[in-house]
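Chemist: Sequence first, then the predicted structure, then my questions.
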Amino acid sequence: MKDYITVIGAGLAGCEAAYQIAKRGIKVKLYEMKPDNFSPAHQNQDFAEIVCSNSFKSNLCTNACGLLKEELRKLDSLLIKVADETAVPAGQALAVDREKFSREVTEKIEKMKNIEIVREEVNENLQNIVEDGIVIIATGPLTSEGLAREIAKITGVEKMYFYDAAAPIVEKDSINMDIAFWGDRYGKGDSNYINLPMNKAEYEKFWNELIDADIVTLHDFEKKEIFEGCMPIEIMAKRGIDTLRFGPLKPVGFTDPRTGDRPYAIVQLRQDNSEGTIFNLVGFQTNLKFGEQKRVFSLIPGLENAEFVKYGVMHRNTYINSTKLLDNTYNIKGNKNIFFAGQITGVEGYVESISSGLVAGINAVNMIKCKNRVEFSPYTMIGTLASYISTPNDKFQPMNANFGILPPLNEKIKDKKLKYEKLAERSLKIFSKNIEF
């Protein structure tokens with residue numbers, strides 16, 4: 001067996017795995033196909049590139065993703081540390097300057113003496129790589145066609161796809177601030193969101209144009225694979241005229257300063273870089289053609305002259321049926337040399353991907369050192385995600401961190417906030433025992 005561990009893919013999960021391995025004194029060979037090849041959604045040469053929202057979600061421990069981040073901080077997660085260092089204002093959420101985040105991750109990985117970076121794509125040579133060494137496959141939801149075929153051969157599973165969409169980004173200076181206002185729902189947070197209120201007539205005009213707008217055509221099998229958690233806004237809108245008003249355009253908790261009344265609907269924009277010069281449309285993942293995005297989204301009051309820095313895109317995502325293939329250390333059951341990490345395992349989200357990379361990296365090290373595997377407690381968010389993706393489930397779908405997958409408390413608590421506080425306390429108590437990983 002080789003004296004180093006191979007990590008394929010320098011995304012969020014791959015970089016976290018490489019860091020966890022290297023800091024434990026084991027050499028890493030990190031493969032990344034950029035800059036020779038780019039996926040449809042990637043644009044720069046840096047590692048850990050953020051291609052969808054720039055938000056890592058809430059920092060509060062009463063939020064499942066907030067709890068997951070706190071657990072990762074306690075385990076010295078490189079990616080969460082860099083996210084904290086490159087944060088931009090986002091109220092109670094952790095949002096990052098995507099360019100600075102990726103650049104800093106890249107620089108830190110490049111400076112680690114135990115990491116050798118190989119800038120080339122892995123596809124047909126995957127079989128050779130896994131034959132006599134430990135490998136972590138962390139190629140993400142945008143795995144190349146060639147590598148996906150090789151992974152399918154190894155796993156014996158053909159179905160490896162679902163689809164999601166990314167939201168557009170606009171220049172702040174092009175937003176009409178005579179209409180827009182700063183604020184957070186119910187006045188909570190630091191008023192970091194730009195809000196665009198709509199009256200009934202404005203909303204219905206926007207809705208009618210949205211549902212009739214031209215989209216990039218998907219095949220029938222593709223339409224069935226769209227992940228519910230990242231539903232394109234035009235598909236959501238077609239479910240009913242009020243669906244958006246009870247979803248991403250929900251006006252509850254806001255008052256339009258111009259009228260003193262609650263808006264009929266509201267669009268929120270979130271800061272996307274440190275300078276605060278660009279903002280993304282929250283919840284506006286879309287598969288509309290670029291020209292239609294400009295036309296339809298400019299109907300939103302305040303965006304009539306919006307300059308779009310980046311249009312939303314629809315892209316293929318890839319994942320394996322982890323419930324049949326992996327154990328709760330992200331190790332493949334049929335070949336102990338192979339680990340998977342990131343969204344290819346069916347964990348959905350940035351922080352969740354980082355978590356899987358950390359667990360896979362720690363266990364790959366233990367395997368090469370002939371130590372016992374580390375199984376995180378299912379009472380922690382890290383552990384319960386690992387359990388979820390490795391527990392048999394005929395209707396397996398990608399999963400975000402959420403309190404619903406944690407084992408219940410011994411006591412019944414009706415107050416949701418208090419219940420979540422108790423669940424978080426239980427989890428963090430486990431990490432306070434100074435367990436060596």
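Modeler: Cool, the structure landed. Note that the structure is a prediction, hence the values are computed from the model and not measured.

Chemist: Sketch out the low-pLDDT regions of this structure for me.
Modeler: By pLDDT under 70, the weakly predicted segments of the chain are 1, 36-43, 158-164, 218-229, 315-316, 395, 434-437.

Chemist: Show me the helices in it, by range?
Modeler: Applying DSSP state H to the chain gives helices spanning 12-22, 64-74, 78-85, 98-111, 126-131, 145-155, 200-212, 220-223, 233-237, 290-297, 322-325, 350-368, 381-390, 416-431.

Chemist: Tell me the buried residues in the last one?
Modeler: For helix 416-431, burial by neighbour count (16 or more other C-beta atoms under 10 Å) applies to 419, 420, 422, 423, 424, 426, 427, 428, 430, 431. Where C-beta positions appear, they are placed from N, C-alpha and C, glycine not excepted.

Chemist: what residues are up against the first one?
Modeler: So the one you mean is residue 419. 403, 409, 413 (C-beta atoms under 8 Å, 6 or more residues apart in numbering).

Chemist: Filter those down to the buried ones.
Modeler: residue 403.

Chemist: which one of the contacts of residue 419 sits closest to residue 25?
Modeler: Among the contacts of residue 419, residue 403 lies closest to residue 25 (C-beta to C-beta), at 36.3 Å.

Chemist: The closest residue to the closest one other than its chain neighbours: neighbour count?
Modeler: Of all residues not flanking residue 403 in the chain, residue 64 sits nearest, at 5.1 Å (C-beta to C-beta, 6 or more residues apart in numbering). Look at residue 64: counted by other C-beta atoms under 10 Å, it has 27 neighbours.

Chemist: Now do residue 64 against residue 355, distance only.
Modeler: 12 Å (C-beta to C-beta, to the nearest Å).

Chemist: Same question for residue 109.
Modeler: From residue 109 to residue 355 the distance is 18 Å (C-beta to C-beta).

Chemist: same thing with residue 44?
Modeler: The value you get for residue 44 to residue 355, if C-beta to C-beta is used, is 24 Å.

Chemist: more crowded one of the two?
Modeler: The residue with more neighbours, out of residue 44 and residue 355, is residue 355; 34 against 14, by other C-beta under 10 Å.

Chemist: give me every residue that touches the more buried one.
Modeler: 68, 71, 72, 347, 381, 382, 385, 401.

Chemist: hmm, try it at 7 Å
Modeler: 68, 72, 382, 385 (C-beta atoms under 7 Å, 6 or more residues apart in numbering).

Chemist: ok, now residue 186?
Modeler: residue 253.

Chemist: Next: residue 47.
Modeler: So residue 47 contacts 10, 15, 32, 102, 105, 106, 109 (C-beta under 7 Å, 6+ apart).

Chemist: With residue 330 instead?
Modeler: 339, 340, 341, 345, 356, 359, 360, 386.

Chemist: TSV please, covering the residues you listed and showing neighbour count and distance to residue 200.
Modeler: Listed next are the contacts of residue 330 as TSV, based on neighbours: other C-beta atoms under 10 Å; distance: C-beta to C-beta, whole Å:
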residue	neighbour count	distance to residue 200
339	29	53
340	28	49
341	33	47
345	30	44
356	32	45
359	30	49
360	31	51
386	28	47
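
Chemist: Can you name the residues that contact residue 205?
Modeler: Here residue 205 is in contact with residue 299 (criterion: C-beta under 7 Å, 6+ apart).

Chemist: What separation do you get for residue 56 and residue 338?
Modeler: Distance from residue 56 to residue 338, by C-beta to C-beta: 28 Å.
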